[in-house]
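Student: build me a structure from this.
(one chain, ligands or ions: 2)
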Amino acid sequence: MSDVLVSCVDAGRTFGHGQLAVVAVRGVTCTVGPRSRVALMGPSGSGKSTLLHLMAGLDRPTSGSVGWPQWDEGPFGHPSRVGMVFQGPSLVPAMTALENVAFPLLLEGTSHEEAMARAEESLDLLGLTGLAGKVPDQLSGGQAQRVAVARVVASRPQLIVADEPTGRLDRAAGDRVVDVLLDAAEHLGAGLVLATHDELSARRVEQVWRMGEGELRP
Ligand code: ADP
Ligand code: MG
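Tutor: Residues are numbered from 1 along each chain as shown. Ligands and ions are numbered 1, 2, ... in the order given. This next block holds a predicted model:
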């Protein structure tokens, strides 16, 4: 069976039409496997977020193709085994860390008891048990991002896509977020694609892909 989690073949994404068209991603061919640890680097506007959204199935290519050979598409037409971590704060303010981690599972129809148990397990796995009862206001930016990683882990994805999750954090906090992402990928046996501006974060990941003007550059 194919070992490929996501495969992009000559994939492109253009926003808008005619004179206003912006080619965000062009002619990208790449694959990510279960043991892949990829840092996606490139200047602002080079197409990193757009490519990650394509890989996560949150957006569709306007040319070429993006596919997930191992999975059927999920109920919302995107592959359910992909977990995405965003750059900004993404926790629900009124919920504790534990409830935030459990929330997507409840939405999927998991029972309350099981969702809570899996949320606890995810926080525990990443060494975040101490944060379980805190609300986002009581968390630092780095702690909130680590909780966001735990939330992704709770859904047991096979591919984790993280879009500059350390972009707004200082070095120490950013390093700890990269720690939990690498831990999470290891525990789940998942592939990881991490967009980052930061060379030091990128060096901790085995493969570095560089983007410029929408293209992957060797
Ligand atoms: P990066 O994440 O590397 O900063 P993006 O993928 O966000 O790059 O953006 C790549 C290019 O596509 C930029 O020129 C950006 O302005 C443009 N772009 C991204 N999303 C949209 C959108 N929804 N509509 C129009 N243009 C967009
Ligand atoms: Mg971006």
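Student: could you pull up the residues touching G18?
Tutor: By CB atoms under 8 Å, 6 or more residues apart in numbering, the contact set of G18 is empty. Backbone N, C-alpha and C define where each C-beta goes, glycine included.
Student: swap in L159?
Tutor: By CB under 8 Å, 6+ apart, the contact list for L159 reads 5-6, 32, 55-56, 79, 81-83, 190-193.
Student: D179: which of these is nearest?
Tutor: Taking CB to CB as the measure, D179 lies nearest L192 of the contacts of L159, at 12.3 Å.
Student: surely that closest one touches E186?
Tutor: No: contact between L192 and E186 fails when scored by CB atoms under 8 Å: they sit 9.2 Å apart.
Student: comparing those two, which shows the higher neighbour count?
Tutor: Neighbours per residue, other CB atoms under 10 Å: of L192 and E186, the larger number sits with L192, 26 against 12.
Student: leaving out chain neighbours, which residue sits closest to the more buried one?
Tutor: The shortest distance from L192 to any non-neighbouring residue, by CB to CB, 6 or more residues apart in numbering, is to A185 (4.1 Å).
Student: would the one you found count as being in a strand?
Tutor: No: counting by DSSP: H, G, I helix; E, B strand; the rest coil, A185 falls outside a strand, being helix.
Student: now the helices for this structure?
Tutor: Taking DSSP state H as the test, the helices found in the chain are 48-55, 97-107, 112-125, 141-154, 171-188, 199-203.
Student: hmm, who's touching the first one?
Tutor: Applying CB under 8 Å, 6+ apart, the contact partners of helix 48-55 are 6, 8, 11, 13, 24-25, 28, 32, 40-42, 59-61, 66, 82, 84, 159, 161, 163-164, 193, 195, 211, 214.
Student: how far is that helix from where the chain is centred?
Tutor: In terms of CA atoms, centre = their mean, to the nearest Å, the centre of helix 48-55 is set 10 Å apart from its chain centre.
Student: near ligand 2 at all, it?
Tutor: Yes: on the criterion CB under 5 Å from the ion, helix 48-55 is in touch with ligand 2 at 48-49.
Student: in CSV, could you pull the C-alpha coordinates for that helix?
Tutor: Taking C-alpha atoms only, helix 48-55 is exported to CSV below (Å, rounded to 0.1, in the frame of the first residue of the first chain):
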residue,chain,number,x,y,z
LYS,A,48,3.3,28.7,2.5
SER,A,49,-0.2,29.1,4.0
THR,A,50,-1.9,28.5,0.7
LEU,A,51,0.1,25.3,0.2
LEU,A,52,-0.6,24.1,3.7
HIS,A,53,-4.3,24.7,3.2
LEU,A,54,-4.2,22.6,0.0
MET,A,55,-2.4,19.8,1.9
